Structures are given as structure tokens and as C-alpha cells.
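Undergrad: Coordinates for the following, if possible.
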Amino acid sequence: MVYIKRIDIRGFKTFRRKVSIELEPGLTVITGPNGSGKSNIVDAVKFALGELSPKELRGGVFEDLISKSSMDSAKSAYVALRFENRDRRIPIDSDHVTISREFAKGGEGTYRINGKRVSRRQVNDALSSAGLTLSGLNIVPQHTVTRLADTTPEERRRIIEDMIGIGIYDSKKAEALTQLQQADINVKVASARVEEVKRRLISLEEERNKLLRNRIVSNELRSLRAQIISAKIFRLEAESKELTRYKEESSEKLEELRERRALLHEELERLKAERDRLKADVSEKEAYSFREVDDQVRRALALKAELSGMLEAASRTIKYLAEQERSIASEVSASEDEISRIDERIKAVQEVRRELLDRVKILEGERSRALLKLSELTENYSSHLPEIDSVNRRIDEVTRRLAMEEANLKNLMYKMQMLSDEAERLEARRKTLRSALNEVSGRISEKHGLIRAEDARLRKLSEEIAELERLKDGKRLNLDRALRVFEKAKRALASSEGFPPPDMEGSTRLMEAAAEESLKGVVGKLRDHVIIRDTYAKALESASEGWLDAVITENLEASLGCFRLAKRMGLGPVRVIPLSEVSGVKEVEPPQGVKAVKAADLVEAPTKLRPAILYVLGDTLVTESRKEAFLLSLQGIRAVSIQGDLFRPDGGLKTGDYRSLRGWTPETAGLRGLVEKLELSIEKCREELRDVEAKAEALRLEAVKIEEELKIRNREVEILKDERGRVSRELADLEASMEEIQRREELCRKERDERALKVEDLRRGLDGLLERRNSLMDRIRPPHLGESEAELSRLEAELAEVRETLAKVEAELSSLSSLKEAISGNIERMLKRKAEVEDEIRKEELIAARLREDVEANSREIRRLEGLRNQISSSTEKLREELRKVEEEISSATRGLESIYEEYDNTSSKCEELSSSLRNMEVERAVLLRDLRSLGYEAPQPLEYDESDIEDAINLLEEELEGIGAVNELASQQYGEYASNYKGLSLKINELEKERLAIIRFMDELESRKRDSFMQAFRRIDSSFRSIFSRLTGGSGRLLLENPDEPFKGGLEVVLAFPGKAEFSISGASGGEKSVATVCFILALQDINPMPFYMFDEIDAHLDAWNSQRLAELLKERSKGSQFIVISLKDSTVAKADRVYGVYIEKGYSKVVPMPRGEVAA
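TA: From the prediction side, this is the model:
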């Protein structure tokens, strides 16, 4: 049987502290004064079972359930119910199931089953399996009887409906009514749809016939057209075979030339790689000059000075830490000596304590014998003996406590003295650390002054270097312009000796031909490898002046191959950019204060093509307006507006292409002389640039030297700051320790004052007890007991003295143990600090060792640099000689390659003509095959008739197809779909009618089952009500339906007949009679759905003594085999209980205690 085994409440309403109520089956009564919190137990059970309405728990909000008081408040409300579950009605494999709920302030409720957090739904599912719900009447809160007594007949009928769950029939009936309405609509819609489908079906039949005729004619036309196309394909295949034979002969010769060309290319690439390697070696040797080596030596010397400074700082730190370690070791030794002395004292005190304990046992035995002798001598003394003995025991206890408190007070004074000594020691240490901190801060200030002076010198040098850099940039800009003009002149001069003109329109054809020829080094068209946003497309197209369509090659040899191929194909102008020849182009930078961006930055391209982008757009800036572009052109910068207007530095607007590979024609007079003059001018400009660079380099070397010195100074400052930080941290730790000691001293003072008050109180209490004992002894002292009494007094005095001494000894022993523990803790802290200091010393020693190794490595590096300086000069000259030999070999290989290219071009031209013809034929054949496949044939078809006869037949069929006109291609499919749909709709109408009739029958069945369920429950409740009412009052009562034929259209009346009275309705009953009838009604309702347990909160509040007695007997009887928990103030109810719990208020909180029934009755 499932029942509540225990209720745990904590922080719920008046139950601030945890309260547990153990329960068993049977009748349990909870009683107590009004306001003690009895009803809160019912609320707690409902809370644990998942009640969601705070009003049902007699609160405004859930926060009201949390216990509150003027002193403090609970953090949360917690209730746990422990259920007996041996029969496993709760579907959890455990003999006991604990369901708890906790609500915290500002949070949500937390549910748990056997400690595992679960949801409220899981709790409800587990409880419902055992028949436990909140909606039943097994829990009857306070005032429920009063509320139900005033309900109307309609409300009483609805109570029964809710109890038996009859509402499910109403919801199913409403659902069925909705389905019936939808079924009526479906029938109407389907009927209308049938007529529409029928009309469309007739129209589609005519369209289907027309479509079938169209398909027959179209199939015949396709067959005839396929035969015409097949005849053309056969003719093309015959011509293609002849041209293929001629092309194969030319291709064999080309393959031979390719092999020879590839060999020469490989040799040329190898020689160029060797040349590049030698150039790099020469550049590296020249760059690694004596001046740079000297600079590296200076930096190495500066590093050595820095390392030496760091080594010195580490040594100072090690010395400081060693002194601190020795100080700690001395303190530890002194503390250990003190512990040894304390141990010796403890041994001595323990020996005294053993002797005193033995003496106490002897004296207590003698006193017992003396008391026994006195008890034999006088009866009066025997009657007062227990009181005297009690006073003696209290005197002993107070004496012992007084001795203990005095010893503790003495111990506190000693402890305060120790804390004072420790504070003085720490104060001395703090003064030392502050002095060290001031010294380090002074050294840091001195270093900062030196750093500021050197920083001012460095800023001055930086300004001079910046001025030289501006001068150098100006000269380099002039040099770059001259170099660009020089390169253009050289290319124009080379063009006059045989290079083909640039080509824009033929770049696409050139790329296709290069792919077929497998021409090496061709990357592709520049436009195909870049991404340009639409916003800047117009500006960049204008600025490129057609160069975005240029062909990109990896080197000059590939460019030459492209020129020959273009010439052989007879292409128009094309543009070619060799990446190896444009890699030195520099970008123009936007002037400060001008809103412009570099055109090259607006193009997304692979890194490999960056030189080509810079060649095309590197000298151009993009502006938002024409005015800004024009102003930039006045400053000598090529600029383009975002609208696409291009402004050149010479003031013109798109006046020519200044970066073409054919900047000048071969007819330019004096071109070679111009090239020579430009070369002299460039050399002079380079010499001036070298002088400026030399001056700037000298200043930079001096700046580097100052920067190295600044690094050393800053490093010294960092080291000093680290030392200051370490001292500051130690000082902060020391001050924290002093604050802790002050706090402990304050606590000791407070404890001393408290103990002094206790000692004074104990002394006064001891005096009072002594007076009390003397008074008792005076009253009972007979004349003939003087000698025995004197002996007893002597023993009492001696025993008191020995016990007092023993208490002092024990107090001293406790004090010594505490003192030893305090000193041991201090030793442990000092040993821990000593270990930390030793660890820091080891770390600093490791740092110092590494610094010594770094100094030694630095010295070796200086020696290595001096040796390297002597090797540079001898190896540079040998590399230059090897470079000259490689250049001669490259020239010879280039001449041989040009000869092969000329022969290759002639053969390739012939082969290209053949290939072009074959491609044209193949394209024409592919077009014909595509047309053939579009007619539904994969391969050419044999001719069944002459081509002229086929043409005539095609004309006749086209005329017939035109006569048919437009057709509906989906007519056949639609006809089949509509025919199937028409049949399906007819069947569906029949099915819908059947469904409608089934719904009507189902609704009638629901109404009948609803009435039967209600009437069956009504009869059971009426029978139970009659029995309970008769037993409780001795009268008769019954339940009466206002409309027995249609019970749901009327209410439920309660008719009563108390003993000696006529029958009347409950509405005309007095308040007490209503209460009695309502209690009977509630108990009758509970018989419908028996529950594992029942709780009633003062349902007998409005009953008189007689009815209360009868109700108690009834509850006692019904509790057999179940569990009834009743809150009541009536003695008659309490007397019938199997167990009773009392609830009372103490310090504002409710407490619960079990009470024997006899005690309650009393």
C-alpha cells in the first residue's frame, strides 16, 4: 500500500528550521494552538505534489511561501514527501520513493525524485500511476466545508462530473461536431468539383486527338531532315581525311623542332639559374661589408654590457635572499628550543596531574564513607543529603571551571605578549624594506634622466635622417622616371629590329594558338586572372588603356614566341607583358591629405601577377572627382576619376599610350643616341643617390648605436623595476601580516575581557554555593554529630582544594599544548617561507648561470665576426669572374634558339593553316551532329531516296503541319489525369457520406455513455451519503437530481432530516447543519475514487461535541487499511487518533513534536 512515510519541511512559511514528521497508516491527528502553523503542513504537502497556484497555498506569490522573520529569512522553501512503495504502485524500483520540491527566491521550482532532478510532468506521471492527484478531494484544506456548504445545485453536479472525469465526453463530442461540420463542407465541395471535371474532360478529348496527329507528321519530318543532314556529314568526313594526312607530315617535323627547342630551352634555363645564383652570391657578399660587420660587433658589445648588468642585478638578489634565509633559520632554531622547553614542562605537569587524580579518588572514597556514617546517625541529615550532595557537586564544577578560566586568561596574556613581540619584529623589518625601496626608486629616477637625454639626441638624428630620406625619395623618383623612359626606349629600339607590334584585338586567338602549340611560359590574358569590382570598373578600364587584354608571359623568350606566332597567324595588334622584365616597377604613393587610392590595390589578382598589375596601373591613383584627379596630375601623378576620366602628368587627357611595348616606332630619328644619353643621365643620378644614401647610412649607424644604448638603459630600468616590484610585494605581504597580527591582538583583547567577566561571575557563584552549603549544614547539624561533621568538613575542604589544584594543572596543560601548537604553526610558516626563499635563490642562480653562458657565447660571436670580415673580400672577385663566363654562354644559346624559332615558325604556319581548315570542318560536322541529335538520332542515317525527292516530301509535310496549328502538348496526360480524377471524385463522395453518418452515430454513443457514467457515480455517492449521514447524525439524508430524465440540465439537491425534524433542503439548514451535511458529502465523494492517503484541515471546526465525536469514530473506522491525516482542535478527534503530533510556535518558528495520546487527553 502506498502511503506517506515521512514529511520533511524546511524554510516553508513558519517552518524556518527543518521539521520531520514520521507517519504510518491509520489515523494521525495534528493539533496545536491557532496560528501555530498546522494548516501550513497541508499547504506543504500540496506544494510538494506540484501545486502551481500560490493562492491555493494561501499566498500572493511563490516568494510568500519562503519563511521570513525579523531576524533572518530562509533562502528557499523545501518540502519532501517520503512514500512507502513496497507494492511498486509508484513505477520506481525502490521500496521508498522521496518526492521533493524546492523554490528559491527569484528562481524556479526544482523537483526531485530520490534526489534526481526531474520535471513536474515526470512527478505527476509517477504519482498518477499510484492514484495521487491534486484535483481529487483527498486533501481538504481549511474552510473547504464552509465553501462547499454554500454551493448551488449546479455547482454540486459539476463537482461530481469533475470527480469522475466526465469532461472527456464533452471534449470528444465537440471534436466530433467539428468533424461533422467539416464532412458536410467536404461533400458540397466534392459535388461541385465533379461537374467541373466532367466539362473539362470533354474538351481535353478533342485536344488529345489533335496532338496525336501532330506527333505523327512531326516524326516523319524529323526522319527526312535527318537524312539530308547525314548526307552533308558524309561529304565532310571524306574531305577531312585528306587534310589530316597532310597535317600529320607537318606535325612530325614540328615535333622534331620542338625537341631541339626544348633542349636549348633547358640549357638556357640552367644557365640563367646559374647566373641568378652567382648574382645573388655577389650581392650577398657585397652587402655583407666591413661596415655591417663592425656594426654587428658593436651590437654584440652592447649586448655584452647589458648581460653584465643583468648578471650584477641577479647577484645582488641572491645576496639579499641569502641574508633573508639565514634570518629565518635563526628564528626557526629559537622556536624549536622554546618547544623543547614546553615539552619538558608538559611532562612535569602531566606527572602532577596523575598524582592529583589519585588523591581525588582517595578523598572521594573517604568522603563517601563519612557521608554514610552521618546518614546512619541521623535521619534528618539523610533527608537533606541529596541536596547537600548536589550543592557539593556544583561547588566542585564551579571550582573546576573557575580554575580553567583563570588558566585560559593567563594563557591569553602570554599569547598577547607573543603577538606584541612579533609585531615589533615585523615593524623593524618594514623600516628596512622601505629604506631599500627608496634607494631603488632613486636609482630608477637617475636612469630615467639618462634615457631622456639620449632619447632627445635620437629624435634629432631621426629628423636629420628623415630629411635625407625625403631628398633620397625625390632623387629615386627622378631615377625611376628616367629608368621607365629608358626601358621604353630600349624596347622601341628592339621593336625596330624585328619585334611585332602590340595586339589588342587578336589576344584571344593568340591564346588559343599558344595552347595548341604548347608554347611554354604563357600564363594567359591579364583580364582572365583578375577581379575588378563594378564600382571601379570604368575607372580601371580607362586607366589601363587596353592593357587588361594583354597576354602575360613568364619571360622574354615566351614573349618572343608569342610575337612570332602572332606574325605567322597574321593577327592584328596584340599586347604582351613579360613578368621577368617588369618586376622592378614601383607603386606611386598617395600624397598626404588627398583622398585617393592606388589603382593597383583595387584589383584582386594572384601574387604571381602583381608585377603585371603594377606595370599597367602602378603609377596611377583613383579619385572620387575629376577635380582631385586634375590636381594630382599637376603634381606629376597620373590620376583617373571614378567616372573614367584619365589625367596625365603632362596635362593631357588620354593623349597616348606611354607604357606600350612599342613606345617608339623604328622610324624615330636618333633613337639610339637618345638611349645612350639616358643611360649617362641615369648613371649620374645613381651616383648622387649613393652619396645621399651614404650620409643617411652614417646617421642611421649613429642612431643605431644610441638605440642600443637606450635598450641597455631601459633594460637596467626594467631590472630595477623588477627589484622594486619584488621589494614592494614583500612589503605588502609584511603589512598584511602586521594587519593580521593586529586583528588577532584585538580578538585576544576581546576574549580576555570576556573571560575576566566569566571569572568574576564564577567567583560570585562559588561564594553563593558555599553559603548555601553552610546554611544547609547549620540546619541539619545535631549536637552529637560534631566529630563526624568536622571530619566531613575537613574532607570536603581538602577535596575542594585538590580539585582546584587539579583544574589549574589541567588548565596549565591545555595552555602549554595551545602554546606549543601556535609555535609549531609559526615554525611551519617560517619553514615554508624558507623553502620559498631557497627556491628563489636557486632560480636566481640558474638565471645568473645562463647569463654567464650568454656572455661567453657573445664573446665567441665577436671573434667569429672578426674572422668573417677577412673572408669577404677574397671570395667576391672569384664570383664575378664566373658570372662573366655564364653571360657569354647565355648569349650563344639565345642565338641558336632564335634560329630554331625561325624554322619552327615557317613549319608551324603551314601546319596551322591545315589545322584551321580541319577545325572548321570539325566545327561544321559538330554543328551537323548537334542538329542530328536534336532530331532524335545519334548517328548519321543512310539515304532511302534522292536528296531532291526528300526535299519535296519535307515541303508537303510542313504544309500539313501548318494546317494542324498549335496543339496542347500535355493534352494526352491531362486527359488521363482528369478521367482518373472524375472516377476518384465519385468514389470520394460516397466515402464522405459514410463518414458523416459514422460521426453522427459516434456523437449519440458519447452522450449515452456520459449519462450512464454520471448516473452510476450518482447512485454510489447517494448511497454512501445516506450511510455516512445516518451514522453521523442518527437522521436521514439523500441526494436528489432536479431533472432525473436529463440530469445535465439541472442541479443536485441535498435533502436532510435530522432526528426529530422534518425533511428539508440544505439551503434551508442552519450553519451547523450545513457543515455536518457538507462533511458527509465530502466523505461520500471520496468513495468514488479511493486514494492512498487523505488530509483534512479542521473539517470538524463547525461541529458540536456530539457530531465531532461521531465524526471522529467514523474517521477512525475509515482509516483502517488507509492513511488519514487530520488537523483538529477537538479532544474527541485527538482521543481517537493512532498517533498525535503537536504544533507550537517558538521564537517565531513552528515546531512539531510527537505526543502520547494520554498526555494530549490530559
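Undergrad: Mind listing what's buried along stretch 51-65?
TA: Taking 16 or more other CB atoms under 10 Å as the basis for neighbour counts, the residues of stretch 51-65 that come out buried are Glu51, Pro54, Leu57, Arg58, Gly59, Phe62, Leu65. Placement of C-beta: from N, CA and C, glycine included.
Undergrad: outside of that stretch, which residues touch it?
TA: Counting contacts by CB atoms under 8 Å, 6 or more residues apart in numbering, the residues outside stretch 51-65 that touch it are 12-13, 39, 43, 46-47, 77, 103, 105, 109, 120, 134, 141.
Undergrad: Quick one: end-to-end distance for it.
TA: According to CA to CA, to the nearest Å, stretch 51-65 extends 12 Å from its N-terminal end residue to its C-terminal end residue.
Undergrad: How far does that stretch sit from its chain's centre?
TA: Between the centre of stretch 51-65 and the centre of its chain there are 36 Å (CA atoms, centre = their mean, to the nearest Å).
Undergrad: hang on, Thr110 in a strand?
TA: Yes. The assignment for Thr110 by DSSP: H, G, I helix; E, B strand; the rest coil puts it in a strand.
Undergrad: mind listing what it touches?
TA: When contacts are taken as CB under 8 Å, 6+ apart, Thr110 is in contact with Arg101, Glu102, Phe103, Ala104, Arg117.
Undergrad: if we take those, which one ends up nearest to Asp421?
TA: Proximity of the contacts of Thr110 to Asp421 was ranked by CB to CB; the top entry is Ala104 with 49.9 Å.
Undergrad: How many residues are close by that closest one?
TA: Using other CB atoms under 10 Å, Ala104 has 17 neighbouring residues.
Undergrad: Am I right that it is in contact with Ala74?
TA: No. Ala104 sits out of contact with Ala74 when judged by CB atoms under 8 Å, with a separation of 9.5 Å.
Undergrad: Which residues does stretch 239-249 contact?
TA: With CB under 8 Å, 6+ apart as the test, stretch 239-249 has contacts from Cys911, Leu914, Ser915, Ser917, Leu918, Met921, Glu922, Arg925.
Undergrad: separation between the fifth one and Thr244?
TA: The span separating Leu918 from Thr244 equals 7 Å under the rule CB to CB, to the nearest Å.
Undergrad: Kindly report the same for the third one.
TA: Distance check for Ser915 against Thr244: by CB to CB, it reads 10 Å.
Undergrad: picking up where we left off before, mind giving me the ChimeraX command for buried ones among the contacts of stretch 51-65?
TA: Below is the selection syntax for ChimeraX that covers the buried ones among those, with 16+ other CB under 10 Å defining burial:
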select :12,13,39,43,46,47,77,103,134,141
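Undergrad: Tell me which of the contacts of stretch 51-65 fall in strands.
TA: When the contacts of stretch 51-65 are checked against strands using DSSP state E, the ones located there are Ala77, Phe103, Gly109.
Undergrad: and the last one, what does it touch?
TA: In this structure, Gly109 makes contact with Phe62, Arg101, Glu102, Phe103, Arg120, judged by CB under 8 Å, 6+ apart.
Undergrad: Kindly reformat these as TSV containing distance to Ser544 and pLDDT.
TA: Compiled in TSV, the contacts of Gly109 are given as follows (distance: CB to CB, whole Å; pLDDT from 0 to 100):
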residue	distance to Ser544	pLDDT
Phe62	75	84
Arg101	78	93
Glu102	76	92
Phe103	75	91
Arg120	73	89
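Undergrad: hmm, back to that, which of the ones in strands among the contacts of stretch 51-65 sits closest to Leu1114?
TA: Ranked by distance to Leu1114 (CB to CB), the ones in strands among the contacts of stretch 51-65 are led by Ala77 at 34.6 Å.
Undergrad: beta partners of the closest one?
TA: Counting by DSSP bridges, Ala77 forms beta bridges with Phe103.
Undergrad: Relative to Val118, how far out is it?
TA: Ala77 sits at a distance of 18 Å from Val118 (criterion: CB to CB).
Undergrad: go on, Asn858?
TA: Look at Asn858 and Val118: by CB to CB, they are 71 Å apart.
Undergrad: Of those two, give the one with the bigger neighbour count.
TA: Between Asn858 and Val118, counting by other CB under 10 Å, Asn858 is the more crowded of the two (19 against 15).
Undergrad: For PyMOL, write the selection for the buried entries among the contacts of stretch 239-249.
TA: In PyMOL syntax, the buried subset of these is picked out as below (16+ other CB under 10 Å):
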select buried, resi 911+914+915+918+921+925
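Undergrad: which one of the contacts of stretch 239-249 is nearest Ser1065?
TA: Set against Ser1065, the nearest of these by CB to CB is Arg925 (110.5 Å).
Undergrad: Might one say that that closest one is in contact with Phe234?
TA: No. With contact defined as CB under 8 Å, Arg925 and Phe234 do not form a contacting pair (10.2 Å).
Undergrad: Please save the CA atoms from stretch 693-712 in CSV.
TA: Output in CSV follows, covering the C-alpha atoms of stretch 693-712 (Å, rounded to 0.1, in the frame of the first residue of the first chain):
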residue,chain,number,x,y,z
GLU,A,693,72.4,57.1,-49.0
ALA,A,694,75.9,57.1,-47.6
LYS,A,695,75.2,60.1,-45.4
ALA,A,696,71.9,58.7,-44.3
GLU,A,697,73.6,55.4,-43.5
ALA,A,698,76.2,57.1,-41.3
LEU,A,699,73.4,58.9,-39.4
ARG,A,700,71.5,55.6,-39.1
LEU,A,701,74.6,53.9,-37.7
GLU,A,702,74.9,56.6,-35.1
ALA,A,703,71.1,56.3,-34.3
VAL,A,704,71.5,52.5,-34.0
LYS,A,705,74.3,53.0,-31.5
ILE,A,706,72.1,55.3,-29.5
GLU,A,707,69.2,52.9,-29.7
GLU,A,708,71.5,50.1,-28.4
GLU,A,709,72.5,52.3,-25.5
LEU,A,710,68.8,53.2,-24.9
LYS,A,711,68.0,49.4,-24.9
ILE,A,712,70.7,48.9,-22.3
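Undergrad: That stretch: which residues count as buried?
TA: With burial defined by 16+ other CB under 10 Å, the residues of stretch 693-712 counted as buried are 693, 696, 699-700, 703-710, 712.
Undergrad: now these as JSON lines including pLDDT, secondary structure and distance to Glu424?
TA: Supplementary listing: the buried residues of stretch 693-712 in JSON lines, determined by pLDDT from 0 to 100; DSSP: H, G, I helix; E, B strand; the rest coil; distance: CB to CB, whole Å:
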{"residue": "Glu693", "pLDDT": "70", "secondary structure": "helix", "distance to Glu424": "71"}
{"residue": "Ala696", "pLDDT": "74", "secondary structure": "helix", "distance to Glu424": "66"}
{"residue": "Leu699", "pLDDT": "75", "secondary structure": "helix", "distance to Glu424": "62"}
{"residue": "Arg700", "pLDDT": "72", "secondary structure": "helix", "distance to Glu424": "61"}
{"residue": "Ala703", "pLDDT": "75", "secondary structure": "helix", "distance to Glu424": "56"}
{"residue": "Val704", "pLDDT": "72", "secondary structure": "helix", "distance to Glu424": "56"}
{"residue": "Lys705", "pLDDT": "71", "secondary structure": "helix", "distance to Glu424": "54"}
{"residue": "Ile706", "pLDDT": "74", "secondary structure": "helix", "distance to Glu424": "51"}
{"residue": "Glu707", "pLDDT": "73", "secondary structure": "helix", "distance to Glu424": "51"}
{"residue": "Glu708", "pLDDT": "70", "secondary structure": "helix", "distance to Glu424": "50"}
{"residue": "Glu709", "pLDDT": "72", "secondary structure": "helix", "distance to Glu424": "47"}
{"residue": "Leu710", "pLDDT": "74", "secondary structure": "helix", "distance to Glu424": "46"}
{"residue": "Ile712", "pLDDT": "72", "secondary structure": "helix", "distance to Glu424": "43"}
